[in-house]
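Colleague: sharing a sequence plus its predicted fold:
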Amino acid sequence: MDNDDSTALQRLIDKDQIIDLVHRYSYCVDHRLYDEVVELFTEDCVVDYGPSWPPVQSRAGLRQMFGDPDGGYAATSHHNANVLVVFEDPDHASVRTSVYAWHQRADGSTPCLWGYYHDAVVRLPEGWRIAERRLRALGTQDWNMEMHPAHGHDG
Amino acid sequence: MDNDDSTALQRLIDKDQIIDLVHRYSYCVDHRLYDEVVELFTEDCVVDYGPSWPPVQSRAGLRQMFGDPDGGYAATSHHNANVLVVFEDPDHASVRTSVYAWHQRADGSTPCLWGYYHDAVVRLPEGWRIAERRLRALGTQDWNMEMHPAHGHDG
Amino acid sequence: MDNDDSTALQRLIDKDQIIDLVHRYSYCVDHRLYDEVVELFTEDCVVDYGPSWPPVQSRAGLRQMFGDPDGGYAATSHHNANVLVVFEDPDHASVRTSVYAWHQRADGSTPCLWGYYHDAVVRLPEGWRIAERRLRALGTQDWNMEMHPAHGHDG
């Protein structure tokens, strides 16, 4: 295997692991596996889900934000698509992922959001982790919180 | 190409084929290609779509469940996401796939389900096939059937 | 690396680039990056989004169809899934991609379409590009245009 092939294979493996990381987030959130969710992030992760909350600045802060697995929405589905990975160097990449987030409240109403996660991911000795995540909204329905808009940012 | 690279490449190829298998299911169901759908399963497949139906125990039983391509819903869209593949050995894997299933009845109403397929897939001489599929619901709208819940299972 | 491995690796790389191409389309459309969208197509691309419009026959025609980034819908989300790539030869492939297209009008109403893109993609010196794209609808809601149906076509 020559050097070019080895590099190309490694790049595919890395991309596959990064896409898994993004998918695993949604699986764990929707199954309320909050202790597992935060393991997908770096210890000093920055997570900004909108102007209604102060940005999270650590894994512990993120765990606190998720709260009690028995509280919150009656159900959620974070449906990802269109994962786009751009490598900055072999150990850092930026990721854009479409999310269709369907939620159900106890009263049966279903607030929904369509948008994109803007992530920075980093390779640690234990694997790829999310270092930064920002949510940008394309649109919402029955959603009573202010969000960062998708437009007017770094396209 | 050394042994490690060969193994890593084969794993990527297998994962790609398994993801195709999951995607092909939804394509064929939504296009009512029911004879093709059942070719994606093993002969003795176990398919459990909820407590309202007895679990299917064979490919022939699955074909019977799908019924007449001209009957059933006026339209369906099985939109997959978040495909997560975990290999147990080189020939067996478990798969979790998010599904947003939109249906349209003849009267125009649109029952919807958000959930996960829990699959066991196996490599046969002719390729990867689904040996077991269980559907677990995160939530539903206008859905008049009892479903297996996503929570309280093997996370 | 023997010839078989090299061919298999190249196929995975090509497929990854084709999937990125499909994803990038949706990202660019939803962020109104119309000049970037048309760069994803060949100069003589054929794009047919339904019988309500004459099919586009060139990249310039496609750019014209998208129109003014400040006009049109208040918001859109083109959520892809189930990307299926079939290679015809090393430089040509056909692609089927599920799309859940959510739109929001200025009056707050939300026309939606569930369907499949049927693409022909080609390898050019600068990379993979979309040569043909046809949209086939499985179903719609609050959608006041006639569409090509998904059924009764080439499966």
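Modeller: Sure, I can see it. Numbers count the residues shown, from 1 in each chain, chains lettered A, B, ... in the order given.

Colleague: where along chain A do the strands fall?
Modeller: Taking DSSP state E as the test, the strands found in chain A are A:41-48, A:75-89, A:92-104, A:112-124, A:127-141.

Colleague: mind checking which of those strands is nearest B:Trp53?
Modeller: strand A:75-89 (22.2 Å; CB to CB). Glycine gets a C-beta too; all of them are placed from N, C-alpha and C.

Colleague: contact residues of chain A facing chain B?
Modeller: Residues of chain A lying close to chain B by CB under 8 Å from any CB of the partner chain are A:1, A:5-6, A:9, A:12-13, A:16, A:20, A:23-24, A:26-27, A:30-33, A:36, A:74-81, A:100, A:102, A:104, A:110.

Colleague: stretch A:91-101 near chain C anywhere?
Modeller: Yes. Interface with chain C: stretch A:91-101 contributes A:96, A:98, A:100 (CB under 8 Å from any CB).

Colleague: go on, stretch A:67-78?
Modeller: No. Under the criterion of CB under 8 Å from any CB, stretch A:67-78 makes no contact with chain C; the nearest approach is 11.9 Å.

Colleague: now the terminal residues of that stretch, how far apart.
Modeller: In stretch A:67-78, first residue to last residue: 18 Å (CA to CA, to the nearest Å).

Colleague: pull out the buried residues from that stretch.
Modeller: Neighbour-count burial for stretch A:67-78 flags A:75-78 (criterion: 16 or more other CB atoms under 10 Å in any protein chain shown).

Colleague: ok, the residues you listed vs B:Glu146, which is closest?
Modeller: B:Glu146 lies nearest to A:Ala75 out of the buried residues of stretch A:67-78, by CB to CB, at 15.3 Å.

Colleague: who's the closest one bridged to?
Modeller: Legend: beta-bridge partners of A:Ala75 under DSSP bridges are A:Gln104.

Colleague: just checking, it touches B:Gly139?
Modeller: Yes. Here A:Ala75 reaches B:Gly139: they are 3.6 Å apart, a contact under CB atoms under 8 Å.

Colleague: common neighbours of the two, please.
Modeller: Here A:Ala75 and B:Gly139 share the contacting residues A:104, B:114, scored by CB atoms under 8 Å, 6 or more residues apart in numbering or on different chains.

Colleague: what about the longest helix in chain A?
Modeller: Taking DSSP state H as the criterion, chain A has its longest helix at helix A:3-30.

Colleague: need the contact partners of stretch A:24-42.
Modeller: A:21, A:47, A:59-60, A:62-63, A:66-67, A:69, A:76-80, A:99, A:122, A:124, A:129-131, A:133, B:81-82, B:84, B:96, B:98, B:116, B:138, B:150-151, B:155.

Colleague: filter these down to the buried ones.
Modeller: A:21, A:47, A:59, A:62-63, A:66, A:76-80, A:99, A:129-131, A:133, B:81-82, B:84, B:96, B:98, B:116, B:138, B:150.

Colleague: where does pLDDT dip in chain A?
Modeller: A:1, A:152-155 (pLDDT under 70).

Colleague: contact residues of it facing chain C?
Modeller: So chain A meets chain C at A:1-2, A:5, A:8-9, A:12, A:15, A:79, A:81-84, A:96, A:98, A:100, A:114-116, A:138-139, A:141, A:150-151, A:155 (CB under 8 Å from any CB).

Colleague: list the buried residues for stretch A:32-47?
Modeller: Result for stretch A:32-47 [16+ other CB under 10 Å]: buried residues A:32-34, A:37-38, A:40-42, A:45-47.

Colleague: got a list of what the closest residue to A:Tyr73 other than its chain neighbours touches?
Modeller: Closest residue to A:Tyr73 apart from its sequence neighbours, by CB to CB, 6 or more residues apart in numbering or on different chains: A:His103 at 4.8 Å. Neighbouring residues of A:His103 by CB under 8 Å, 6+ apart: A:73, A:75-77, A:110-112.

Colleague: thanks again, I'm all set now.
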